[in-house]
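Sharing a sequence plus its predicted fold:
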Amino acid sequence: SQQGEEDPQALSIQEGENATMNCSYKTSINNLQWYRQNSGRGLVHLILIRSNEREKHSGRLRVTLDTSKKSSSLLITASRAADTASYFCATAYTSGTYKYIFGTGTRLKVLA
Amino acid sequence: NAGVMQNPRHLVRRRGQEARLRCSPMKGHSHVYWYRQLPEEGLKFMVYLQKENIIDESGMPKERFSAEFPKEGPSILRIQQVVRGDSAAYFCASSLRGTTDTQYFGPGTRLTVL
């Protein structure tokens, strides 16, 4: 199956709650990135985390990376209705290939 | 400092026609990537180009699809003799350095084949 599988596929929460999305991958990576896509729009880069990093923060976003489990998580704290979007992880191999592999995404819905 | 530009934003073609999608990378970026996204799916890598060179086209269909990134001007993704299955959103991304660098995406071109 494809590298970079997000879980859950869909998530619905109330405004103010935290949202956690997970991404699993299969082979060694150089880095992993999280993107957001609003319906019908392009992708917005959120965070890049390198294979030698374990955690990164950006505002209300927190990303963790566990290379031993080949997984990453994206936590959005104090969610807002404007956070409603699809969230994708993308992995860059270490094997010398050149492409990012995107998962199928988590569709987050934040209810006001 | 403009981001990645793509045009047209929407393109409608009849079966058998040609589709030409354009992408202008961010200023100073010489690495361009094309992805295709079907409804409710993630992005699928198609091709990676640097100026005048195709670096990796492992995601491109073998027939009808081609891409270029000339020394001057935008990158072009060309689809000949389009079929209904080509209907999708096509996104272009650019990066300053190679593929371990952050990729910045354009707004996409939504191709509809009638």
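Looks like it arrived, so ask away.

from here on, contacts and neighbour counts on C-alpha atoms
Fine.

so residue A:49 touches residue A:32, yeah?
Yes: the criterion here is Cα atoms under 8 Å, and residue A:49 meets it with residue A:32 at 5.4 Å.

These two: which is more packed in?
Under the neighbour definition other Cα atoms under 10 Å in any protein chain shown, residue A:49 and residue A:32 were set side by side, and residue A:32 has more, 27 against 20.

what's the distance between that one and residue B:56?
20 Å (Cα to Cα, to the nearest Å).

Then residue A:86?
27 Å.

Which one's more surrounded, those two?
A count of neighbours by other Cα under 10 Å puts residue A:86 above the other of residue A:86 and residue B:56, at 22 against 17.

Near chain A, which residues of chain B are found?
Taking Cα under 8 Å from any Cα of the partner chain as the contact definition, chain B meets chain A at B:40-45, B:48, B:55-56, B:91, B:98-100, B:102-108.

Any of the residues you listed buried? List them.
Buried by 16 or more other Cα atoms under 10 Å in any protein chain shown: B:42-45, B:48, B:55-56, B:91, B:98-100, B:102-108, out of these.

Centre of the chain to the helix or strand bottoming out on mean pLDDT in chain A, how far?
Within chain A, confidence by mean pLDDT, DSSP states H and E is lowest for strand A:5-7 among all helices and strands, at a mean of 80. Here strand A:5-7 is found 8 Å from its chain centre; the criterion is Cα atoms, centre = their mean, to the nearest Å.

Let me know the next secondary structure element after that strand.
Per DSSP states H and E, the first helix or strand lying C-terminal to strand A:5-7 is strand A:10-14.

And the contacts of the next helix or strand after that next one?
Downstream of strand A:10-14, the next assigned helix or strand under DSSP H and E is strand A:19-24. With Cα atoms under 8 Å, 6 or more residues apart in numbering or on different chains as the test, strand A:19-24 has contacts from A:3-8, A:11, A:13, A:70-77, A:79, A:89, A:103, A:106.

Strand A:19-24 pairs with which strands, parallel or anti?
strand A:5-7 (antiparallel), strand A:71-76 (antiparallel) (DSSP bridges).

and residue 110, how many neighbours?
Using chain A here. Residue A:110, neighbours per other Cα under 10 Å, totals 21.

look at chain B instead
22.

Excluding covalently adjacent residues, which one is nearest to the residue positioned nearest the centre of chain B?
Nearest residue to the geometric centre of chain B (Cα atoms, centre = their mean): residue B:34, 3.7 Å. Among residues not flanking residue B:34 along the chain, residue B:92 sits closest, at 4.5 Å (Cα to Cα, 6 or more residues apart in numbering or on different chains).

pLDDT at that neighbour, what is it?
Model confidence at residue B:92, given as pLDDT, is 95.

Close to chain B: what parts of chain A are there?
Counting by Cα under 8 Å from any Cα, chain A sits next to chain B at A:30-31, A:33, A:41-45, A:48, A:88, A:92, A:97-105.

Pull out the buried members of those.
Looks like these have A:30-31, A:33, A:41-45, A:48, A:88, A:92, A:98-105 buried, using 16+ other Cα under 10 Å.

Specify the beta-bridge partners of the spatially closest residue to residue B:65 that is not a sequence neighbour.
The shortest distance from residue B:65 to any non-neighbouring residue, by Cα to Cα, 6+ apart, is to residue B:79 (4.7 Å). Beta-bridge partners for residue B:79, by DSSP bridges, are residue B:19, residue B:65.

What confidence value was assigned to residue B:79?
Per-residue confidence (pLDDT) for residue B:79: 98.

Quick check, residue B:88 in contact with residue B:37.
Yes: counting by Cα under 8 Å, residue B:88 does reach residue B:37; the two are 5.8 Å apart.
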